[in-house]
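Colleague: Kindly return the folded structure for what I paste below:
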Amino acid sequence: MDLVIGTLVLRPYVFVFLLAFVASGALDLGWKRTSLFGLWVWAVAWLAEFSSTRIGIPFGLYHYTEATRGRELYIANVPFMDSLSFVFLAYAAFCLARAALGRHASGTATVLLGGTLMMALDVVIDPLAVRGDRWFLGRIFYYPDGGVYFGVPLSNFAGWLVVGIVGLGGYVVFVKSAGGRQPRYGVALYYGVLAFNLAVTAWIGERWLGVVGLLLHSVLAVVLWYRNGSAGAPMALGERGTQSA
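Modeller: Numbers count the residues shown, from 1 in each chain. Okay, here's the model as predicted:
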């Protein structure tokens, strides 16, 4: 129990986003599907992190410093909060993909776009996390060989794409649907997470990282809006269902 409380104290922002996922998911998917989504995506993310810290697959090789061991919950060598973060990131990306593609999109298209949008969030998140010693995250992990993108290897983004597709794809297969009731709250969560990370990026003075992230997501937003508009319908923030895969 002390470790659970310690995790809450050390990472309150993670649990704010997690609570937003739970509330949004309950309205959108229902409690049962939200629970299934969370458990499945967390399991996929934890396994990917466990594997990457040993053999470098799928994110590339990195290591947790374990500087907070004894102060927050770990599952093996992976901080619980880290793999838990994938849950609300995947859900937010899933909702934005559904909203952009509309209610008649295939499950396959929704999963592929959702995985891509999840990876796009990490283009901002991971370089900021590498600089965790300059803000309240702390230095919790590192890439022993560094990376070409603000200290992050490109393999990391490939890994996020794979984890996003497997996480979302597995959920869609389990429930036989890529639909829901109200993706608008998940879309708000997506841009809330993005805004938080861009704000911290600006706070620590990483101007170019912030500029690149803002440009990327501005272009993405325009493309998603244009794609939805070309299909002849406004952004489907209140869609009632999407075809199964």
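Colleague: list the contacts for the residue nearest in space to the middle of the chain?
Modeller: Centroid check for the chain by Cα atoms, centre = their mean gives L89 as the closest residue, at 2.4 Å. Neighbouring residues of L89 by Cβ atoms under 8 Å, 6 or more residues apart in numbering: M118, L121, D122, I125, V193. For glycine as for every other residue, the C-beta is placed from the backbone atoms N, C-alpha and C.
Colleague: confidence score at the first one?
Modeller: The reference is to M118. M118 is assigned 99 on the pLDDT scale.
Colleague: For it, the count of nearby residues, please.
Modeller: Other residues near M118 come to 27 when the count uses other Cβ atoms under 10 Å.
Colleague: element containing it?
Modeller: helix 107-130 (DSSP states H and E).
Colleague: Run the chain-centre distance for stretch 23-30.
Modeller: 17 Å (Cα atoms, centre = their mean, to the nearest Å).
Colleague: In that stretch, which residues are buried?
Modeller: For stretch 23-30, the neighbour count (16 or more other Cβ atoms under 10 Å) marks S24, G25, L27, D28, L29 as buried.
Colleague: Kindly reformat the residues you listed as CSV and extend each row with distance to A202, secondary structure and pLDDT.
Modeller: Shown next, in CSV, are those (distance: Cβ to Cβ, whole Å; DSSP: H, G, I helix; E, B strand; the rest coil; pLDDT from 0 to 100):
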residue, distance to A202, secondary structure, pLDDT
S24, 26, helix, 98
G25, 30, helix, 98
L27, 32, helix, 97
D28, 31, helix, 98
L29, 33, coil, 98
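Colleague: got a list of what A158 touches?
Modeller: A158 neighbours (Cβ under 8 Å, 6+ apart): P58.
Colleague: Can you tell me the element it falls in?
Modeller: Using DSSP H and E, A158 falls within helix 154-175.
Colleague: now that helix, how far from the chain's geometric center?
Modeller: Worked out by Cα atoms, centre = their mean, helix 154-175 lies 10 Å from the chain centre.
Colleague: Report the rounded mean pLDDT for that helix.
Modeller: On average, helix 154-175 scores 98.
Colleague: Show me which positions of the helix or strand harbouring V41 end up buried.
Modeller: Per DSSP H and E, V41 falls inside helix 31-55. Under the neighbour-count criterion of 16+ other Cβ under 10 Å, helix 31-55 has 33-34, 36-38, 40-42, 44-46, 48-49, 52-53 buried.
Colleague: what does stretch 87-105 give?
Modeller: Quick answer for stretch 87-105 (16+ other Cβ under 10 Å): 87-103, 105.
Colleague: In contact with the nearest residue to Y74 once chain neighbours are set aside, which residues are there?
Modeller: Among residues not flanking Y74 along the chain, F80 sits closest, at 6.5 Å (Cβ to Cβ, 6 or more residues apart in numbering). F80 makes contact with T7, E72, L73, Y74 under the criterion Cβ under 8 Å, 6+ apart.
Colleague: Kindly calculate the angle that the strand or helix carrying L209 makes with helix 107-130.
Modeller: Element membership of L209 [criterion: DSSP H and E] is helix 207-230. Going by axes from the mean of the first three to the mean of the last three Cα atoms, to 10 degrees, helix 207-230 is angled at 170 degrees with respect to helix 107-130.
Colleague: what helices or strands is helix 207-230 leaning on?
Modeller: If you count contacts as 3 or more Cβ pairs under 8 Å, 6 or more residues apart in numbering; DSSP states H and E, helix 207-230 packs onto helix 80-101, helix 107-130, helix 184-203.
Colleague: most packed of the ones you listed?
Modeller: helix 80-101 (a mean of 26; mean count of other Cβ atoms under 10 Å).
Colleague: What angle do helix 80-101 and the lowest-mean-pLDDT helix or strand in the chain make with each other?
Modeller: The weakest-scoring helix or strand in the chain, judged by mean pLDDT, DSSP states H and E, is helix 2-10 (a mean of 83). Angle, helix 2-10 to helix 80-101, by the same axes, to 10 degrees: 50 degrees.
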